[in-house]
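Colleague: have a look at this prediction, sequence included:
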Amino acid sequence: MIKKLFVFLLPWALRRRLLNAWFGYEIHPKARIGFAWIYPKKLVMKEKARIAHFTVAIHLDYVELGCYASIGRKNWITGFPTSGTSQHFAHQRGSRRSELFLGEHSAITKNHHIDCTNRITIGRFVTIAGYQSQLLTHSINIEECRQDSYPIYIGDYCFIGTNSVILGGAKLPPYSILGAKSLLNKAFEQQFALYAGVPAAFVKPVNSEAKFFTRQTGYVI
């Protein structure tokens, strides 16, 4: 903890070097972390990846940001690492990893809660927009009376509307839109679709030629 606090207070150029040297991270020279507490067991940040101020990422096995991927301000990203002797998720030993993968040019905006007790995979050119969305991979299994977890998958070129909830086991197919304030609690397969509601359901097809689905840079002006 003392070493983490010491590194946290250093200027970024020196902090990056020490994070790589002392913690075994792989942070590209052109990647950057703001005034944020980012300490998973393993961190990989590729060229131009960014994590903004006041974001926290702890209790994670692994975090990877692709080229130009970004995590905005005040996000809370946490999990339950697979090491240790806790009986929580003991039935998933060997099959569960507390991981976040954020693909190239994808963005998590600000004030979201990302629970990576199980793996969360977010594809390329994805936008988790607005505020206060929750991605929750774990909950209580009522039948078995124990904590349980399932991964979340979000495909390439998806748009997640503000204040949405995505639960473990959910899948949003590539080239899809999840409407604001929706609850995604199952796996869907149809691409180029709008899903919305509580719980979310297929609403209608979306234009496969929409510019959002063909853009070459993640940032939307």
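Modeller: Perfect, thanks for sending it. Nothing here was measured: the structure is a model prediction, and the numbers come from that model.

Colleague: contact partners for the closest residue in space to Lys46 that isn't next to it in sequence?
Modeller: Closest residue to Lys46 apart from its sequence neighbours, by Cβ to Cβ, 6 or more residues apart in numbering: Cys67 at 4.6 Å. Every residue, glycine included, has its C-beta placed from N, CA and C. Taking Cβ atoms under 8 Å, 6 or more residues apart in numbering, we find Cys67 in contact with Lys46, Glu47, Lys48, Ala49, Glu104, His105.

Colleague: drop anything exposed from those residues.
Modeller: Buried residues within the contacts of Cys67, defined by neighbour count using 16 or more other Cβ atoms under 10 Å: Lys46, Lys48, Ala49, Glu104, His105.

Colleague: my guess is the last one contacts Arg124, does it?
Modeller: Yes. Using Cβ atoms under 8 Å, His105 and Arg124 qualify as a contacting pair, with a distance of 6.0 Å.

Colleague: between those two, what contacts are shared?
Modeller: Joint contacts of His105 and Arg124 (Cβ under 8 Å, 6+ apart) are Gly66.

Colleague: distance check, the nearest residue to Arg50 once chain neighbours are set aside against Arg32.
Modeller: In this structure, Arg50 finds its nearest non-sequential neighbour in Ser70, 4.3 Å apart by Cβ to Cβ, 6+ apart. Computed as Cβ to Cβ, to the nearest Å, the Ser70 to Arg32 distance reads 10 Å.

Colleague: which neighbours do the two share?
Modeller: With Cβ under 8 Å, 6+ apart, Ser70 and Arg32 have common neighbours Ala49, Arg50, Ile51.

Colleague: from those, pick the one nearest Val198.
Modeller: Ile51 (30.9 Å; Cβ to Cβ).

Colleague: beta partners for the closest one?
Modeller: Ile51 forms beta bridges with Ile33, Ile71, as assigned by DSSP bridges.

Colleague: can you count the residues close to it?
Modeller: 26 (other Cβ atoms under 10 Å).

Colleague: is it true that Ile177 touches Gln191?
Modeller: No. With contact defined as Cβ under 8 Å, Ile177 does not count as touching Gln191 (10.9 Å).

Colleague: when these two are compared, which one has more neighbours?
Modeller: Neighbour comparison, Ile177 and Gln191: the larger count goes to Ile177, with 24 against 18 (by other Cβ under 10 Å).

Colleague: and the helix or strand hosting that one, which strands flank it?
Modeller: Ile177 is part of strand 176-178 when elements are defined by DSSP states H and E. Next to strand 176-178 in the sheet, as set by DSSP bridges, lie strand 159-160 (parallel), strand 193-196 (parallel).

Colleague: ok, and what's touching that strand?
Modeller: 155, 158-161, 164, 166, 172, 184, 188, 190-196, 200, 206.

Colleague: now with 6 Å?
Modeller: Cys158, Phe159, Ile160, Gly161, Ser164, Leu172, Leu184, Ala193, Leu194, Tyr195 (Cβ atoms under 6 Å, 6 or more residues apart in numbering).

Colleague: now those residues as a markdown table including pLDDT?
Modeller: Output for the contacts of strand 176-178, formatted as a markdown table (pLDDT from 0 to 100):
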| residue | pLDDT |
| --- | --- |
| Cys158 | 98 |
| Phe159 | 98 |
| Ile160 | 98 |
| Gly161 | 98 |
| Ser164 | 98 |
| Leu172 | 98 |
| Leu184 | 98 |
| Ala193 | 98 |
| Leu194 | 98 |
| Tyr195 | 98 |
